[in-house]
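**Student:** I need the structure of the sequence given here:
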Amino acid sequence: MADDLFKALADPTRRTILDELTEKSGQTLFEICARLSMKHQLAISRQGVSQHLAVLEAAGLVETRREGRYKFHDLNTAPLRRIAERWLVPDTSGPEESTP
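**Tutor:** This is a model prediction of the structure:
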């Protein structure tokens, strides 16, 4: 699972897609393509964006839902939290003491 997550995060285009989903979750493929083109000047095909979304979905970073004929993409940050918690060391120093 962690390998898929790091693979997904390794690509700058996928990180840009995640940035866009952070700003506005629940976007369709058309919306994501438009934002990448207009906001980031990325000339990437719909098929290319779709492939990037598939990698993000396999890593658990993107979840999809269908409403009628539309497919919406939502950001899921749970895998990032699990990775962060994996290497965080609990603070065992206790409360900080103030000196006069």
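**Student:** that's a helix at Ala43, yeah?
**Tutor:** No - the assignment for Ala43, made by DSSP: H, G, I helix; E, B strand; the rest coil, is coil rather than a helix.
**Student:** so how many other residues sit close to it?
**Tutor:** Number of residues near Ala43 (other C-beta atoms under 10 Å) recorded here: 8. C-betas here are computed from N, CA, C, even on glycine.
**Student:** and it, how far is that from Asp74?
**Tutor:** 26 Å (C-beta to C-beta, to the nearest Å).
**Student:** Could you do Ser50 as well?
**Tutor:** For Ser50 relative to Asp74 (C-beta to C-beta), the value is 16 Å.
**Student:** Identify the bridge partners of Glu67.
**Tutor:** Applying DSSP bridges to Glu67 yields these beta-bridge partners: Tyr70.
**Student:** For it, grab the count of nearby residues.
**Tutor:** Using other C-beta under 10 Å, Glu67 has 9 neighbouring residues.
**Student:** Could you do His73 as well?
**Tutor:** 22.
**Student:** ok but it is inside a helix, no?
**Tutor:** No - using three-state DSSP, the assignment for His73 is strand, not a helix.
**Student:** What residues does it make contact with?
**Tutor:** 21, 25-29, 32, 53, 62-64 (C-beta atoms under 8 Å, 6 or more residues apart in numbering).
**Student:** Tell me where the model's unsure across this protein.
**Tutor:** Applying pLDDT under 70 to the chain flags residues 1, 91-100.
**Student:** most centrally placed residue in this protein?
**Tutor:** Leu18 (3.7 Å; C-alpha atoms, centre = their mean).
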